[in-house]
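Asks: Got a sequence here, can you model it:
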Amino acid sequence: MKIIVCLHGKPKDKRILELLEEYKTKISRYQKIDFEFLTPPARQGEIITGLLEKYKGKKIYLLDEDGKEYTSMKFAENYEKDLNNGEKEVVFVIGPAEGFAWLDGAISGEAVKLKVNV
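Replies: Presented below is the predicted three-dimensional model:
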């Protein structure tokens, strides 16, 4: 399975980009992973609706503080189910700062709002 991590905006700090590349190199031994940097559109929601269309049929996790909260074990269990169900790609969408509340009711069956505790 391949993991795609979508981030809002490309980091301006080169050190962050270097850390992402280092992480990608380390995890790639075990799991395929790509980072996609999203440029902010003129209107809120165009990025996400575009991603939902682009990755239609894929498992999409929208990382949002108002999303469903999982323990690490429960999330690992769900991820294992994704693997066993033959998912080819799993997409994690990080941000925006204001969250995805405006998307409620418009999320397809493939997308899950997930709360991440930092």
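
Asks: Tell me how many other residues surround the closest residue to residue 93 other than its chain neighbours.
Replies: In space, and not counting its chain neighbours, residue 93 is closest to residue 6: 4.5 Å by CB to CB, 6 or more residues apart in numbering. Just so you know, the C-beta spots here come from the backbone N, C-alpha and C atoms, and that holds for glycine as well. Using other CB atoms under 10 Å, residue 6 is surrounded by 22 other residues.

Asks: Not counting its own residues, what contacts the helix or strand hosting residue 6?
Replies: Here residue 6, judged by DSSP states H and E, is contained in strand 2-8. Here strand 2-8 makes contact (CB atoms under 8 Å, 6 or more residues apart in numbering) with 27, 31-38, 40, 47, 51, 55, 88-96.

Asks: Generate the ChimeraX command that creates a selection of the buried members of those residues.
Replies: One line in ChimeraX is enough to select the buried ones among the contacts of strand 2-8; burial here means 16 or more other CB atoms under 10 Å:
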select :33,35,38,47,51,55,89,90,91,92,93,95,96
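
Asks: In the protein, which residue is most central in space?
Replies: Closest residue to the average C-alpha location of the chain: residue 92 at 1.0 Å, with CA atoms, centre = their mean.

Asks: I'd assumed that one was in a strand, is it?
Replies: Yes. Membership of residue 92 in a strand is supported by DSSP: H, G, I helix; E, B strand; the rest coil.
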